[in-house]
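K.L.:
with the input below, show me the fold.
(chains A, B, C and D)
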2 protein chains.
Amino acid sequence: MLRNESCILANLNQFFPLGENEQQLLKELEKTPHRVTEKQVLWAAGDKVDQLYTLKSGWAYTCRDNLDGARQVVDIVLPGDVLGLRELTFATHLSQAQMITEGVICPFPNHKIIDIIEASTPLTVALLASLSRQESILTERMLMSIHRSARSRIAHFIVETYTRLNRVRSIDFDSFYLPISQKVLGEILGLTSVHISRSLTSMERERVLIKHRDHIQVLDREKLYEEADFDGSYISDNMNGLRERLKQHGFR
Amino acid sequence: MLRNESCILANLNQFFPLGENEQQLLKELEKTPHRVTEKQVLWAAGDKVDQLYTLKSGWAYTCRDNLDGARQVVDIVLPGDVLGLRELTFATHLSQAQMITEGVICPFPNHKIIDIIEASTPLTVALLASLSRQESILTERMLMSIHRSARSRIAHFIVETYTRLNRVRSIDFDSFYLPISQKVLGEILGLTSVHISRSLTSMERERVLIKHRDHIQVLDREKLYEEADFDGSYISDNMNGLRERLKQHGFR
DNA sequence: CGTACCTTTGACGGCTGTCAAAGGAAGTGG
DNA sequence: CCACTTCCTTTGACAGCCGTCAAAGGTACG
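P.N.:
Sure, this is the predicted structure:
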């Protein structure tokens, strides 16, 4: 994809080719880009839900803070993702949303989603598909947290993130950008940073991967996949049945 | 609510009062009730996604089986819930869906959702709200699995399930129907049935609750809530902002 | 060059899993 | 109505992964 093509279009377009009308609606959402800084909080828990964001560039996450101070990252938001869909139908936010890196976001009022539902069934379905995949990522992470060892969870997260990134913009697997500290990685996977450190050290010693400050270097792709035991169907773009049905309804 | 009123209407109606048109659309979905038996599998992982179900009566769950034979229950489906929304936009099912008890379900082809999107924005939003709450329940369970002890997770699940049931049909908290074996409870919470047994025994010894074969008896409501540390906002029906916007769009 | 944050390493402890066996409870067929 | 089977629950012994606490070493940044 071209550098300045819309990420969100590249994202949603994977489900099925969107028409002129839909592309126009998406452009509407990205009319007001804002530059945001590293670690900037986009909303806090308890805030009124009134805006959604598309993420044009940069990484973000949503998280929940426990009473005891422990933070749990709920989802990692990558360029092209819509931020806030999950809580669109709530009065107040359950989670906090925060940038990881600096970046560019495009806020839009949440009732624009209503306009989209009225204006375009295919785009509504694409958004539904996007929301479902977000939920599937969450489900998968829950399975991982419950049934897998720390090393396996780390491996899985690396492969998953690579897959998500590569889907919107083709990247190199042997070494790619991953601006996530061990502390945050722990908050994502539900492990302490101490244990993350131990696990990463052992993976490096065994020549599987090296985690640098802001990128991952994969040394042994096969071993990594084996540990990750990754089946990417939960983020696949394939949605045949509905796509055909949309065609029958006169959409392209 | 009346015994023979539609559960799904009672469920979705909580978000905002649905009009004649919407009630009619929901009735459409429930035109073909089927009786299903205890433990009947509704779909298996890998099956083509072509039907959704509303659950008129009985309990069901969706689950994923690990390679090592461990089963993880993804969500508990209660009367009035729509079963399959999460995987609507996938080509094949990621999970298995299975009845817990016997019951009555109403299958309908998944492209009916497209009809609904085209026919009624409020109903689309209500379905979105329902899907979001399902995802929130999942998120909450992930937090619990990662940060809470076995006893606390059990307490939380009991209170959550009571809250969900009470929302669609008022029930008594001191003793209510919960047709879930310790084995399945373990599969829900990501614990072994052995550990569930130990935890339940200790909760019974301390006069918090007694789990019988198919119902829960709450002995000390306050203690239970304290252990559960339950904040129900993630399943609340409040969605003010959008509701008003829908009114502005001419919906009631 | 000082400060703040991130990473590493060690010692220790606890929650929960595994394995195993026995004791109920429910359903089936004779 | 009684064996038989099957599934669920309970209990004990033991082990291991990961958390906690603490301190030191790195790294970025002002």
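
K.L.:
which residue, other than its chain neighbours, is closest to the residue sitting nearest the centre point of chain A?
P.N.:
Residue closest to the average C-alpha location in chain A (CA atoms, centre = their mean): A:Val77, at 3.5 Å. Of all residues not flanking A:Val77 in the chain, A:Ala60 sits nearest, at 4.2 Å (CB to CB, 6 or more residues apart in numbering or on different chains). Every residue, glycine included, has its C-beta placed from N, CA and C.

K.L.:
the one you found contacts A:Gln98, correct?
P.N.:
Yes. In terms of CB atoms under 8 Å, A:Ala60 counts as a neighbour of A:Gln98; the distance is 6.4 Å.

K.L.:
which residues are common contacts for those two?
P.N.:
Taking CB atoms under 8 Å, 6 or more residues apart in numbering or on different chains as the criterion, A:Ala60 and A:Gln98 both touch A:Leu42.

K.L.:
chain neighbours aside, what residue packs nearest to A:Leu85?
P.N.:
A:Leu131 (5.0 Å).

K.L.:
then A:Ala97?
P.N.:
A:Leu42 (4.2 Å).

K.L.:
OK, contacts around that neighbour?
P.N.:
A:Val36, A:Tyr53, A:Ala60, A:Leu83, A:Ala97, A:Gln98, A:Met99, A:Ile105.

K.L.:
what's the answer for A:Ala60, then?
P.N.:
A:Ala60 neighbours (CB under 8 Å, 6+ apart): A:Leu42, A:Ile76, A:Val77, A:Leu83, A:Ala97, A:Gln98, A:Met99, A:Ile100, A:Gly103, A:Ile105.

K.L.:
now it: phi and psi?
P.N.:
phi -140, psi 170 (degrees, to the nearest 10).

K.L.:
okay, the contacts of A:Ala60 in CSV with pLDDT and secondary structure next?
P.N.:
Converted to CSV, the contacts of A:Ala60 look like this (pLDDT from 0 to 100; DSSP: H, G, I helix; E, B strand; the rest coil):
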residue, pLDDT, secondary structure
A:Leu42, 97, strand
A:Ile76, 98, strand
A:Val77, 97, strand
A:Leu83, 97, strand
A:Ala97, 97, strand
A:Gln98, 96, strand
A:Met99, 97, strand
A:Ile100, 97, coil
A:Gly103, 95, strand
A:Ile105, 96, strand
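
K.L.:
report the two of those residues separated the most.
P.N.:
A:Ile76 and A:Ile105 (15.0 Å; CB to CB).

K.L.:
give me the more crowded residue out of those two.
P.N.:
A:Ile105 (25 against 21; other CB atoms under 10 Å in any protein chain shown).

K.L.:
nearest residue to the more buried one other than its sequence neighbours?
P.N.:
Nearest non-adjacent residue to A:Ile105, counting by CB to CB, 6+ apart: A:Tyr53, 4.6 Å away.

K.L.:
spit out the contact partners of the one you found.
P.N.:
Counting by CB under 8 Å, 6+ apart, A:Tyr53 has contacts A:Leu42, A:Val82, A:Leu83, A:Gly84, A:Ala97, A:Ile105, A:Cys106, A:Pro107, A:Phe108.

K.L.:
repeat that for 6 Å
P.N.:
A:Leu83, A:Ile105, A:Pro107 (CB atoms under 6 Å, 6 or more residues apart in numbering or on different chains).

K.L.:
how many neighbours does the residue in the stretch 151-252 of chain A that chain B sits nearest to have?
P.N.:
Closest approach between the stretch 151-252 of chain A and chain B, counting by CB to the nearest CB: A:Gly190, at 3.6 Å. Neighbour count for A:Gly190, taken as other CB under 10 Å: 21.

K.L.:
can you classify the residue in the stretch 1-150 of chain A positioned nearest to DNA strand C as helix, strand or coil?
P.N.:
Closest to DNA strand C within the stretch 1-150 of chain A is A:Ile146: 7.7 Å, counting by CB to the nearest atom of the strand. Under DSSP: H, G, I helix; E, B strand; the rest coil, the three-state class of A:Ile146 is helix.

K.L.:
tally of neighbours for it?
P.N.:
19.

K.L.:
now do the same contact list for A:Leu200.
P.N.:
By CB under 6 Å, 6+ apart, the neighbours of A:Leu200 are A:Lys211.

K.L.:
so where does it fall, helix or strand?
P.N.:
Using DSSP states H and E, A:Leu200 falls within helix A:193-205.

K.L.:
for that helix, which positions count as buried?
P.N.:
Buried residues in helix A:193-205, defined by neighbour count with 16 or more other CB atoms under 10 Å in any protein chain shown: A:Ile196, A:Ser197, A:Ser199, A:Leu200, A:Met203.

K.L.:
check whether it comes near DNA strand C.
P.N.:
Yes. If you take CB under 7 Å from any atom of the strand as the test, helix A:193-205 does meet DNA strand C, through A:Ser193, A:Val194, A:Ser197, A:Arg198, A:Leu200, A:Thr201.
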